[in-house]
Structures are given as C-alpha cells and as structure tokens.
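Undergrad: have a look at this fold, sequence not included:
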C-alpha cells in the first residue's frame, strides 16, 4: 500500500467503529466493537491482513486502557461480491478462526464457505447488540448495508458500494439495476433513517443522509428516471 495506514475511530454509546483504508483502491475495512462484551465484527476484509490485524489490535489496546472487556473477533461480514472487498477474507477468517456473513445472492461468488447468509430485515448478533441488515439490490444482487442503532445517538450505517457521498453505486450501464438500487436506497435508507444518520461507504469518506437527501432527484435524472415529489423522500420515522 503506497499511502500511510491511517486508522480512525467513531465511538458512540456502547459501540465503536474502528476503520481505515487498507489498499490503494481506498477500500475501507471496518471493525465494529460491542464494548461491554468485547465482541467485534470485521466488515469487508478487503485486503492487507496485517492492516486488519492492526485495526483489531488498536481496538484491543483501547479496551485494555479503559479496563473494558477483551476484544475478540466473532465474525467477518462482506458487503458484496466484488473482489476488491474480499481479497483478505479467507486469510482473515483463518487468522481469527471465525465464520463469515454475506448477502444470500452474493455468497456463492465469494471464496470459501459463507456460513451465514443474509437478507433484508435480518439481524447479526454482536455481543449485546443486534445489527440490522438492509438489502440494497443493484450494485450487486446481494449487496447489504448494516444499521447500528444506539439510544440517544445518531444511527450509523455501513453501506458498502451502494451509497456514497454524491451518489449511489455503479450499476455498469444497466438502467434497470440503477432504478432498482436507487429505489432501494430511497425506500430502505432515506425514508427509514433521519438526516443525522452517518453513513460509512466502501471507499472514501463518510457523510450524513441530511447532506445527501436533497440530491435524490438529481440522482434520478442522472439515471434517466423521472423526478419525484421531494416530500416522498422525507424521513418517515418508521
């Protein structure tokens, strides 16, 4: 990797997200920690096992310094089938001796066995937390996002390559896939989660839904779709 390893931390309530770019494609790897139990989930073992181990070690040292539960990796989740998101998957599973999770439609395209397949509305247990799975079809058929809810804190989303600051993921010229992905992003993300929701994409920097919500009609026009009444894109509180 030609640029420095630069880990970052988002700590909120009983959860922590440790994350960093792990290769020159700017793929983000995330380590979610349930602080009271020490359970940790790695999301997108994209590349560079030593960097992923260092992220977990950083979480472990932080827990030790705080007198918190010892961090232990309990699984590896892959947001979608594209190779840049799983090049270190098998090595990471072997190193930590854990099982893996992925969307049901994408799991057959991943290396090795996927022990736990996921769909929209499922949950992944992480210590005392239940992480919500949001299916976002279009970038790939089985792409999944994760929703992390902690009372009195903004929701955090990990969106893979389905939602970025500035637009939805690449659908490679497939207009039907574009319509599907934007439809899922609007229905399952923007209408379900409030403007202060922070989302972390598969590459690059995080953003909030509030910063992006006003661009939904521009994204529709980009894909050759008709605009919609902005009121229909509002957070519903559901």
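TA: The structure has been received and is ready for your questions. This structure is a prediction, so every number in the text was calculated from the model and none was measured. Residues are numbered from 1 along each chain as shown.
Undergrad: OK, contacts around residue 184?
TA: Counting by CB atoms under 8 Å, 6 or more residues apart in numbering, residue 184 touches 135, 136, 137, 138, 162. Glycine gets a C-beta too; all of them are placed from N, C-alpha and C.
Undergrad: what's the answer for residue 38, then?
TA: Counted by CB under 8 Å, 6+ apart, residue 38 has contacts 63, 68, 69, 70, 71, 72, 127.
Undergrad: residues in contact with the helix or strand hosting residue 90?
TA: Using DSSP states H and E, residue 90 sits in helix 89-96. Contacts to helix 89-96, defined as CB under 8 Å, 6+ apart, come from residues 42, 45, 49, 52-53, 56, 73, 76, 78, 99-100, 110-112.
Undergrad: residue 222 and residue 166 touch, don't they?
TA: No: with contact defined as CB atoms under 8 Å, residue 222 and residue 166 do not form a contacting pair (10.5 Å).
Undergrad: which residues in this structure form helices?
TA: Secondary structure of the chain (DSSP state H): helices at 49-66, 89-96, 175-184, 209-213, 216-222.
Undergrad: I'd like those helices laid out as a markdown table, including mean pLDDT and distance to residue 154.
TA: Formatted as a markdown table, the helices of the chain follow (pLDDT from 0 to 100; distance: least, CB to CB, whole Å):
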| stretch | mean pLDDT | distance to residue 154 |
| --- | --- | --- |
| helix 49-66 | 98 | 21 |
| helix 89-96 | 98 | 29 |
| helix 175-184 | 98 | 21 |
| helix 209-213 | 98 | 9 |
| helix 216-222 | 98 | 20 |
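Undergrad: mind putting the ones you listed in JSON lines, distance to residue 144 included?
TA: As requested, the helices of the chain are exported to JSON lines (distance: least, CB to CB, whole Å):
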{"stretch": "helix 49-66", "distance to residue 144": "19"}
{"stretch": "helix 89-96", "distance to residue 144": "15"}
{"stretch": "helix 175-184", "distance to residue 144": "11"}
{"stretch": "helix 209-213", "distance to residue 144": "18"}
{"stretch": "helix 216-222", "distance to residue 144": "20"}
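Undergrad: for the ones you listed, which one sits closest to residue 34?
TA: helix 49-66 (10.8 Å; CB to CB).
Undergrad: flag every buried residue along that closest one.
TA: Buried positions in helix 49-66, judged by neighbour count with 16 or more other CB atoms under 10 Å: 49, 51, 52, 53, 54, 55, 56, 58, 59, 60, 62, 63.
Undergrad: gap between the third one and residue 131?
TA: It stands for residue 52. Using CB to CB, to the nearest Å, residue 52 is found at 19 Å from residue 131.
Undergrad: go on, residue 96?
TA: 18 Å.
Undergrad: out of these two, which sits in the more crowded spot?
TA: More crowded of residue 96 and residue 131, by other CB atoms under 10 Å: residue 131, with 22 against 19.
Undergrad: how about the contacts made by the more buried one?
TA: By CB under 8 Å, 6+ apart, the contact list for residue 131 reads 32, 41, 123, 124, 125, 146, 147, 148.
Undergrad: give me the beta-bridge partners of it?
TA: Assessed by DSSP bridges, residue 131 has beta-bridge partners residue 124.
Undergrad: switch to numbering from 213
TA: Right, with 213 as the first residue, what we last looked at is residue 343.
Undergrad: what pLDDT does the model give it?
TA: For residue 343, the model assigns a pLDDT of 98.
Undergrad: next one: residue 311
TA: 98.
Undergrad: wait, residue 333 touches residue 345, no?
TA: Yes: taking contacts as CB under 8 Å, residue 333 lies within contact range of residue 345: 6.8 Å.
Undergrad: so which of those two has more stuff around it?
TA: Remark: of residue 333 and residue 345, residue 345 carries more neighbours, 18 against 10, as counted by other CB under 10 Å.
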